[in-house]
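Engineer: What would the 3D arrangement of this be:
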Amino acid sequence: MSTDTTSTPEFRYVAVTFDCPDPAELARFYSELLGHPTIFSNDDFALIGKEGEAGLGFNRLADYRPPTWPDPAQEKQAHIELGVADLDAAEKRLLGLGATKPAFQPAPDRWRVLLDPAGHPFCISSLV
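Structural biologist: Purely as a prediction, here's the structure:
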C-alpha cells in the first residue's frame, strides 16, 4: 500500500518575458498599447500588468539582436496576437506609439504584422 503524500504542485501562468535592449522603452510601448501599468521596474527588467492577471516582462540583454522577420537570418521565437475591431485604426495608433510595419504582409485584409520598438513581430487581427 502506497502512502505517498506528495501532491502535484499547482502552477499559475504569471507572465511572458521578452529580451530587449531597453526594458523601460518596451514597457512604455506595451503599457500604452494594452493599458496596463508598470508594476515593477529596475535598470534591467520591467513588468507591466494588472493585479491578478498575467503580465508582460521585458529583460535587458546586452547583446540583443532583434528578429529579422520575414528574413530567417534571426528567427522570431514568439509573438503576441492582438484582436482589434478596426485594423486601420489600430495600425495607425500602434505606429504612433513607435511600432514599425514591415513591407511583407501575409494577409493584410485579415491581420497585420508590426514590429515593436525592439523589433519583436506581433500581429493585430480583425475580430470581425
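
Engineer: From now on I want contacts and neighbour counts done on CA atoms only, so please keep to that.
Structural biologist: OK.

Engineer: From Ser7, how far out is the most centrally placed residue in the chain?
Structural biologist: Nearest to the mean C-alpha position of the chain, by C-alpha atoms, centre = their mean, lies Ile80 at 5.1 Å. Relative to Ser7, Ile80 is positioned 33 Å away (C-alpha to C-alpha, to the nearest Å).

Engineer: Same check on Arg110?
Structural biologist: For Arg110, the distance to Ser7 - C-alpha to C-alpha - is 45 Å.

Engineer: Who has more neighbours out of the two?
Structural biologist: Per other C-alpha atoms under 10 Å, whichever of Arg110 and Ser7 has more neighbours is Arg110, with 12 against 6.

Engineer: OK, contacts around the more buried one?
Structural biologist: Arg110 is in contact with 125-126, counting by C-alpha atoms under 8 Å, 6 or more residues apart in numbering.

Engineer: And the chain, what are its domain boundaries?
Structural biologist: 13-64, 66-128 (automatic domain parsing).

Engineer: now the ones you listed as CSV including mean pLDDT?
Structural biologist: Formatted as CSV, these follow (pLDDT from 0 to 100):
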stretch, mean pLDDT
domain 13-64, 94
domain 66-128, 91
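
Engineer: Can you tell me the SS state at the closest residue to Val16 other than its chain neighbours?
Structural biologist: Spatial nearest neighbour of Val16, chain neighbours left out: Leu56 (5.2 Å); criterion: C-alpha to C-alpha, 6 or more residues apart in numbering. For Leu56, the assignment made with DSSP: H, G, I helix; E, B strand; the rest coil gives strand.

Engineer: Give the buried residues for stretch 114-128.
Structural biologist: Within stretch 114-128, the residues scored as buried using 16 or more other C-alpha atoms under 10 Å are 114-126.
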